[in-house]
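**Q** Okay, here's the prediction I keep looking at, along with the sequence it came from:
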Amino acid sequence: MKSIGEVAARFGLPAHVLRYWEAEGLLSPARVGPRRRYTDADVHRVAAILVAKEAGFELADIRTMLTARSAADRAAMAARQRERLRARIARAQAALELLEGDCRHDDLMACPHFQDLLGRQLERS
């Protein structure tokens, strides 16, 4: 069993983050008196939360992923996350296209590559 300080240090997190995740229902470490004690399963759960956060999951969806008792509940959460991820990828792709244009025009609005990007944005709007 590990203390909150040991688990926080292992992941480079402030201890208050682990306490917040506990308050949000993501963690439930054992208590020995007033102290939290983390098992290996708790440490794996912290790792799972961090992986999910890195993937862009919101805490509510992480809670659903970790606590859902049915595949249907997890599937609904996954569908929401896929849509968010697709939108994030589209925004990143648009940013990459803008940067890859390597425009040499003094006036960005005169750049054919930039005009093409604007045209695609106007079509989507």
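**A** That came through fine.
**Q** Tell me how many other residues surround the residue nearest to Thr39 when sequence neighbours are not counted.
**A** Leaving aside its sequence neighbours, Thr39 sits nearest to Met1 (Cβ to Cβ, 6 or more residues apart in numbering; 6.1 Å). Bear in mind the C-beta positions are built from the backbone N, C-alpha and C, glycine included. Residues lying near Met1 (other Cβ atoms under 10 Å) number 13.
**Q** per-residue confidence at Met1?
**A** pLDDT, the model's per-residue confidence, is 95 for Met1.
**Q** tell me the contacts of it?
**A** 30, 32, 37-39 (Cβ atoms under 8 Å, 6 or more residues apart in numbering).
**Q** likewise Glu6?
**A** Taking Cβ under 8 Å, 6+ apart, we find Glu6 in contact with Tyr38.
**Q** shaky segments in this protein?
**A** 101 (pLDDT under 70).
**Q** And the residue nearest the centre of it?
**A** Gly56 (2.0 Å; Cα atoms, centre = their mean).
**Q** So it, which state does it fall into?
**A** coil (DSSP: H, G, I helix; E, B strand; the rest coil).
**Q** For whatever helix or strand Arg120 lives in, buried residues please.
**A** If you go by DSSP states H and E, Arg120 is part of helix 112-124. In terms of neighbour count (16 or more other Cβ atoms under 10 Å), helix 112-124 has its buried residues at Phe114.
**Q** Can you name the residues in contact with it?
**A** So helix 112-124 is contacted by 94, 97-98, 101, 103, 105, 108-109 (Cβ under 8 Å, 6+ apart).
**Q** By neighbour count, which of those wins?
**A** Neighbour tally across these (other Cβ under 10 Å): the maximum, 16 neighbours, falls on Gly101.
**Q** what ranges do the helices span in the protein?
**A** 4-11, 15-23, 40-54, 59-67, 71-100, 112-124 (DSSP state H).
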